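Asks: Have a look; sequence and predicted model below, questions after that.
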2 protein chains.
Amino acid sequence: MSHARTPSPLRKRKAAAADLDGPAPPRAAAAPQLPQPSPPLRLLDPLSRVRSFSIIESTLREGEQFANAFFDTETKIRIAKALDDFGVEYIELTSPAASEQSRADCEAICKLGLKAKILTHVRCHMDDARIAVETGVDGLDVVIGTSSFLREFSHGKDMDYIIRQATEVITFIKSKGLEVRFSSEDSFRSDLVDLLNLYKTVDKLGVNRVGIADTVGCADPRQVYELVRTLRSVVSCDIECHFHNDTGCAIANAYAALEAGATHIDTSVLGIGERNGITPLGGLIARMYTADKDGIKAKYRLEALRDVENLVADAVQIQVPFNNYITGYCAFTHKAGIHAKAILNNPSTYEILRPEDFGMTRYVSIGHRLTGWNAVKNRVQQLDLSLSDDDVKAVTAQIKSLADIKPLGIEEVDTLLRKFHDRVHAIGTALDADGEPMAC
Amino acid sequence: MSHARTPSPLRKRKAAAADLDGPAPPRAAAAPQLPQPSPPLRLLDPLSRVRSFSIIESTLREGEQFANAFFDTETKIRIAKALDDFGVEYIELTSPAASEQSRADCEAICKLGLKAKILTHVRCHMDDARIAVETGVDGLDVVIGTSSFLREFSHGKDMDYIIRQATEVITFIKSKGLEVRFSSEDSFRSDLVDLLNLYKTVDKLGVNRVGIADTVGCADPRQVYELVRTLRSVVSCDIECHFHNDTGCAIANAYAALEAGATHIDTSVLGIGERNGITPLGGLIARMYTADKDGIKAKYRLEALRDVENLVADAVQIQVPFNNYITGYCAFTHKAGIHAKAILNNPSTYEILRPEDFGMTRYVSIGHRLTGWNAVKNRVQQLDLSLSDDDVKAVTAQIKSLADIKPLGIEEVDTLLRKFHDRVHAIGTALDADGEPMAC
């Protein structure tokens, strides 16, 4: 109920290890005490919650609204357990009023005895609330549309009606001793004064959280910051935020909301939900890791992220996108020569996320025409070949020339390096890019 | 060179058509004059460029650094033509110094006579600049690492050296009459005073643009806004921004940069680039469309977006992600009963992007347990069946009950609706959810 800032425990920063997780084992000589860059020092606003927030994981509610989603009971239970194992604070389930099986599944998940609190998401109706409170959930996330568009084209109710309805439903849920959140829908296209009036009213009724929802995905981070900051000065309860990703701001908006004092963020695994979905769990984790690496590592079992994502991707029959945050197959692949050189010297130069923290590995790609001689030199050393810098430059030119026709696999590069090395040592002189002895 | 705001031409807003692009043809009676919601009125800051910016499309440079990318000459030309057809203002190519084929391809693309200006991206080296100016490009995007980490672990140069080198390279490029941008790398982990000094120096040398690059993907929108706004007060030239997406802010950061006065944004198709890439072209378009729909529709051929994306996806052998902006297969799929009802009344309630503007269609899914009777009623009307609201509610309960076991295809729903309709009319009374005549 309080919005006082509770900083997460500070843990001693570990020195970064410059692991070289390429296709070959790291060189033993990799410098172990390289400096670890951080973003420039920024003093946290006292209201900021970027170091102290909770995740309301909604794969089993918002995610069920994804086009492909149909979760049977067993799948729901596996997902709930995997999310609990990862460490999310809340798991949100589809309304038990949606269907009989939805109700039964809600009861079944409540009985699992998970560490995470179990919520269900219901319309602001006594009918829905009455069914929900009987399932054993820890709390209800109540929602009603407040924008003039939803009032006109969805439920057709005016603000006075909404406030009366909200009062009845909230009072009922509280009488059952359950946690209650009250959220508007389409908050960023709602009348600000209407919204603040409503939130102020429900705050006085004792809700645990009010909710802001960018239901259509139109909000940008500066709008979010302003609305949350305004709301922060109006209510004393917690603030939950829900962002759709239609225009690509769902992660940035979540971050802006926390900066402004929001306390809870809704996510789903891989972002699945209505249309192209909401703030993805993995993407939020990537973002928050940059703000509070030690806090995030302490709160969540990061190396379990990939398994949770694979579980959900299988359940809804999608591929994890090639560019997925953290676990996408190229998230830690470095290719340009200039990048590869620096990464090999100190991974922090081009990485804000340490792959090891997520059970992932780094890959430095060298068999292409953008390669550079420093990256090739590193591979030469990994293979324990002995070549001068001039030799490495010459063989790099050879790789570039071949890769102009077709990229080379690592085995092809290795063969080329070994042959070049053998030839150099057989004839006892440097070779040029064509593999011919240098004139000098 | 000027940073004066040049507003894009305002065009008359068209009234929104409430097209129902479901699996069946739209009902003729769909209300044509429904109000079109917009985000709340926000006065644009005089420095904001959200309504007047240029895209520097870097699929053929940053995109070539994507793990899978290998573009042969023919593919590069097809991509360049497709981007030109879409309407991007600039196309950026890999440095001609990277390989002989890169140089030849750069020349070939310059000879195509595209409307877009052709740039190439080079290190701040006279060697690279000399090769580049001979290719026929309109301009050079020059880059050097300025963060202490890059200075220590990449090129090892100090700021005085960087300034001397920059001066020589810029003076040379200008002497050839070409456009020149000078960018730092890893700008958000560079020393602010060093950065501003460097930008002020190159601005006085007459560069067309200075560049800010979030090379590691660590920046958040508020940082971006602050840095760009500060820079806006220091230089008089244009400002280009390049954002990596490791922590999910690449689109939001681009938007924040434009709000603060940046003029040019780097993109790549589907965001392909180093690691998980940069601001995606489609995602930026989605974002900017919400800020200036008419301007974006006037500048770019939006219905060509999907073709450009498919072309690039095929070239680098990836699937367009399920949740891709605008063109992802579920971007306009509506599922929850509450959403479906409102969407059918007025699509603007749950859509900030009009699918028709992008050559896409809307789909309202009804054969699942989250369905609602209003969505089902709409289908009943599409099929020209005659059922009372009570009948529709009863058959909706039947759909939910069946869909609790397995989701239904639209054909199965239609069969069910037709059978229910025939039964009602055969026995001349309302039926309950089990298809039995109502007691009353």
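Replies: Yep, it's here. Numbers count the residues shown, from 1 in each chain, chains lettered A, B, ... in the order given.
Asks: so how far is B:Glu185 from the residue nearest to A:Arg379 when sequence neighbours are not counted?
Replies: In space, not counting the residues next to it along the chain, A:Arg379 is nearest to A:Ile366; the distance is 5.8 Å by Cβ to Cβ, 6 or more residues apart in numbering or on different chains. Placement of C-beta: from N, CA and C, glycine included. Separation of A:Ile366 from B:Glu185 (Cβ to Cβ, to the nearest Å) stands at 20 Å.
Asks: Next up, the contacts around the residue nearest to A:Arg379.
Replies: Counting by Cβ atoms under 8 Å, 6 or more residues apart in numbering or on different chains, A:Ile366 makes contact with A:Ala340, A:Ala375, A:Val376, A:Arg379, A:Ile399, A:Ile410, A:Val413.
Asks: which stretch of helix or strand covers the closest residue in space to A:Asp214 that isn't next to it in sequence?
Replies: Of all residues not flanking A:Asp214 in the chain, A:Phe243 sits nearest, at 4.7 Å (Cβ to Cβ, 6+ apart). Per DSSP states H and E, A:Phe243 falls inside strand A:238-243.
Asks: and if you look at A:Val216?
Replies: Using DSSP H and E, no helix or strand contains A:Val216.
Asks: Run through the residues that contact it.
Replies: Applying Cβ under 8 Å, 6+ apart, the residues near A:Val216 are A:Asp186, A:Phe188, A:Arg189, A:His244, A:Asp246, B:Thr349, B:Tyr350, B:Glu351, B:Ile352.
Asks: I'd guess the last one is in a strand, am I close?
Replies: No: in this structure, B:Ile352 is coil, not part of a strand, as judged by DSSP: H, G, I helix; E, B strand; the rest coil.
Asks: any idea how far A:Asp138 lies from B:Phe86?
Replies: For A:Asp138, the distance to B:Phe86 - Cβ to Cβ - is 50 Å.
Asks: The two: which is more packed in?
Replies: B:Phe86 (22 against 15; other Cβ atoms under 10 Å in any protein chain shown).
Asks: so what's that one closest to, chain neighbours aside?
Replies: Nearest non-adjacent residue to B:Phe86 (Cβ to Cβ, 6+ apart): B:Ala304, at 4.8 Å.
Asks: pLDDT score for the one you found?
Replies: The score at B:Ala304 is 97. That number is its pLDDT.
Asks: Thought B:Ala82 was touching it, still the case?
Replies: Yes: with contacts counted by Cβ atoms under 8 Å, B:Ala304 reaches B:Ala82, the gap being 7.3 Å.
Asks: For the two, indicate the residue with more neighbours.
Replies: When B:Ala304 and B:Ala82 are compared for neighbours, B:Ala82 comes out ahead with 20 against 16, by other Cβ under 10 Å.
Asks: contacting residues around that one?
Replies: B:Ala304, B:Asp307, B:Val308, B:Leu311.
Asks: Likewise for A:Val308?
Replies: So A:Val308 contacts A:Ile79, A:Ala82, A:Leu83, A:Phe86, A:Val269, A:Leu281 (Cβ under 8 Å, 6+ apart).
Asks: All the helices of the stretch 1-150 of chain A, residue numbers only.
Replies: For the stretch 1-150 of chain A, the helices defined by DSSP state H, counting those that start in this stretch occupy A:73-86, A:100-110, A:126-133, A:148-153.
Asks: so who does A:Cys124 touch?
Replies: A:Val142, A:Val143, A:Ile144, A:Ile162, A:Gln165, A:Ala166, A:Val169, A:Phe182.
Asks: Format those as JSON lines; extra columns: neighbour count.
Replies: As requested, the contacts of A:Cys124 are exported to JSON lines (neighbours: other Cβ atoms under 10 Å in any protein chain shown):
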{"residue": "A:Val142", "neighbour count": "26"}
{"residue": "A:Val143", "neighbour count": "21"}
{"residue": "A:Ile144", "neighbour count": "23"}
{"residue": "A:Ile162", "neighbour count": "20"}
{"residue": "A:Gln165", "neighbour count": "18"}
{"residue": "A:Ala166", "neighbour count": "20"}
{"residue": "A:Val169", "neighbour count": "26"}
{"residue": "A:Phe182", "neighbour count": "28"}
